[in-house]
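K.L.:
Structure for this input, please:
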Amino acid sequence: MSISRQNLSVVIVSFKSEAVIHNCIQSIPDEIKIVVVDNSGDTKFKENIEEKYKNVECILSSENLGMGTGNNLGLKYITTDYAFILNPDVILERNSIEEIINASKTIESFAVIAPISSNRDYPNYKLDKKKIILQDNLNPLKVKSVDGFAMILNMKKLKELESFKNKQFFDENFFLYLENDDLCKRIIESNQNIYVVPKSKIKHLGA
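P.N.:
Below you'll find the model as predicted:
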């Protein structure tokens, strides 16, 4: 099954991210459901963001869970086949979602698919041969891993894998950093595929 706007949701883990998260949300098509997990437990933030965006549900955490645990919490509220994990400081280009959708129709099987960073100095993927994608390569490319600030999980595929039977997609022993590397490692060890889509680009302010 390929990705569509109807079977895709977004998870954003936030911690005092008011200065950047609005640009992120506004770059996402408004027919796509967004789950924001706010690790600062700010009730005012929840009220404001749910009032401003009708497609956003904000889940408050009573403590700072970190990225991996926060994403796992958000994923429990996802009922679509695909979940787009985004950091609040990521902005999608205008056609980012559409290019991902188009690419998903051409790939036989994938567990994770991701856009690429528009900043070529900070590639958000790793290849076995430690090369970066040539800018004129427009086809989806199989990679070793992708950074966790922008990645789409094939939820149905992952739930079938032994490594994800406990439904803990991210290992909660990682508070921050490396949780995405661990996830990608388990996917590769399960003989599943990870792709990036060069035509789909995002801007990551954290880079």
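K.L.:
What distance do you get for the spatially most central residue of the chain to Ser62?
P.N.:
Residue closest to the average C-alpha location in the chain (Cα atoms, centre = their mean): Ile85, at 2.0 Å. Going from Ile85 to Ser62 by Cβ to Cβ, to the nearest Å gives 22 Å. Just so you know, the C-beta spots here come from the backbone N, C-alpha and C atoms, and that holds for glycine as well.
K.L.:
which secondary element of this structure has the worst mean pLDDT?
P.N.:
helix 179-189 (a mean of 83; mean pLDDT, DSSP states H and E).
K.L.:
Sheet-wise, list the partners of whatever helix or strand comes next after that one with their directions.
P.N.:
Going down the chain from helix 179-189, the next helix or strand is strand 194-204, by DSSP states H and E. Note on strand 194-204: by DSSP bridges, its sheet partners are strand 90-92 (antiparallel), strand 112-117 (parallel), strand 141-142 (antiparallel).
K.L.:
so of those, which one's packed in deepest?
P.N.:
Most buried of those by mean neighbour count (mean count of other Cβ atoms under 10 Å) is strand 112-117; its value is a mean of 25.
K.L.:
Any idea how far it is from the middle of the chain?
P.N.:
Averaged C-alpha coordinates place strand 112-117 at 8 Å from its chain's average position (Cα atoms, centre = their mean, to the nearest Å).
K.L.:
Could you export it as CSV, CA atoms only?
P.N.:
Extracted in CSV, the C-alpha atoms of strand 112-117 (Å, rounded to 0.1, in the frame of the first residue of the first chain):
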residue,chain,number,x,y,z
VAL,A,112,10.9,3.8,6.7
ILE,A,113,10.9,6.5,4.0
ALA,A,114,12.2,10.1,4.5
PRO,A,115,12.7,13.4,2.8
ILE,A,116,16.2,14.9,2.6
SER,A,117,17.6,18.0,4.2
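K.L.:
Low-confidence ranges, this structure, go.
P.N.:
Applying pLDDT under 70 to the chain flags residues 129-137, 163-167, 170-178, 207.
K.L.:
those helices in it, which residues are they?
P.N.:
18-26, 43-52, 66-75, 96-104, 155-159, 179-189 (DSSP state H).
K.L.:
Deepest in the core, which of those is it.
P.N.:
Sort the helices of the chain by mean neighbour count, taking mean count of other Cβ under 10 Å, and helix 66-75 sits at the top with a mean of 23.
K.L.:
Compute the inter-axis angle for that helix and helix 179-189.
P.N.:
Interaxial angle, helix 66-75 versus helix 179-189 (axes from the mean of the first three to the mean of the last three Cα atoms, to 10 degrees): 70 degrees.
K.L.:
what sits against Ile91?
P.N.:
Ile91 sits next to Asn23, Cys24, Ser27, Ile202, Lys203, Leu205 when contact means Cβ atoms under 8 Å, 6 or more residues apart in numbering.
K.L.:
just Leu86 next, same as before
P.N.:
Val10, Val11, Ile12, Cys24, Ile28, Phe149, Ala150.
K.L.:
Which member of the residues you listed is positioned nearest Cys58?
P.N.:
Ile12 (9.5 Å; Cβ to Cβ).
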